[in-house]
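Chemist: Dropping a prediction and its sequence here:
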Amino acid sequence: MSTPHNEAKKGDFAKTVLMPGDPLRAKYLAETYLENVRQVNGVRGMLGYTGTYKGKEVSIMGSGMGMPSIGIYSYELYTEYDVENIIRIGSAGAINKNVHIRDVVIAQGACTDSAWAHQYELPGTFSALSTYSLLEAAVTEAKKKGITYHVGNIVSSDLFYHADVEASQRWTNMGCLAVEMESYALFATAAYLERKALTILTVSDSLVNDEPETTPEEREKTFTDMMEIALEIA
């Protein structure tokens, strides 16, 4: 069995999949942390792997950038490959002055400027939340490891280069911690399909503090705090 976007066979994916946006981060993570690792997908360069971590079977696969991309991969993993949990491990831009470069943000919920939830024809606005059991486990693990972390709302935006330069400040005024481009779709898809999802982010740059941005190589290979949290709770 395969899909237009995934050449894996039924049973190739573990019940929990870690999903970085960058497929090269998936490759690095799989080769660094997993034992008995094997590649299960390479369609369109969206690398996917399955192996074991401390005896547990875990899969790692890229999601690509943006809600349409993670929406495709998460839907297929949940519905075609019997995946139960997806943990996004991505980068984000801080929009709160108390959140700094390399801090970890564990998303309680995702706000959005996207029309993603329009498809559900709801009579109002859908609050896209992470799964509490995964959230609680991630917080416990972060405390155990002594990692600097924040829990709260994030913003999933369709726009990386926003014409409205004041947009992020308005989200800041509503208490949001960071901005990225995927989690709202992941959380909504999980809710619709009655599956579980969580997002753990590392701050790669700041829109509100004068701090140096991380490089692409650093984002690929050095954001190990969130990777290790996700692996421990997988």
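Modeler: Good, I have the coordinates. Numbers count the residues shown, from 1 in each chain.
Chemist: alpha carbons only for contacts and neighbour counts from here, please
Modeler: OK.
Chemist: tell me the contacts of the residue lying closest to E182 once chain neighbours are set aside?
Modeler: Leaving out its chain neighbours, the residue that sits closest to E182 by CA to CA, 6 or more residues apart in numbering is M67, at 4.6 Å. Contact partners of M67, counting by CA atoms under 8 Å, 6 or more residues apart in numbering, are 116, 158, 181-186.
Chemist: residues making contact with the worst-scoring helix or strand of the chain on mean pLDDT?
Modeler: Every helix and strand in the chain was compared by mean pLDDT, DSSP states H and E; the lowest is helix 216-221, with a mean of 80. Residues from elsewhere that reach helix 216-221, judged by CA under 8 Å, 6+ apart: 22, 24-25, 28-29, 91, 204.
Chemist: want to throw those residues into TSV with distance to G152, pLDDT and secondary structure?
Modeler: Supplementary listing: these in TSV, determined by distance: CA to CA, whole Å; pLDDT from 0 to 100; DSSP: H, G, I helix; E, B strand; the rest coil:
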residue	distance to G152	pLDDT	secondary structure
D22	24	95	coil
L24	28	94	helix
R25	25	93	helix
Y28	28	94	helix
L29	26	95	helix
S91	15	95	strand
S204	17	94	strand
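Chemist: Flag the shaky bits of the chain, pLDDT-wise.
Modeler: For the chain, residues meeting the criterion pLDDT under 70 lie at 1.
Chemist: element containing the residue sitting nearest the centre point of it?
Modeler: With distances taken as CA atoms, centre = their mean, the residue of the chain nearest its centroid is R88 (2.1 Å). In the assignment (DSSP states H and E), R88 maps to strand 85-94.
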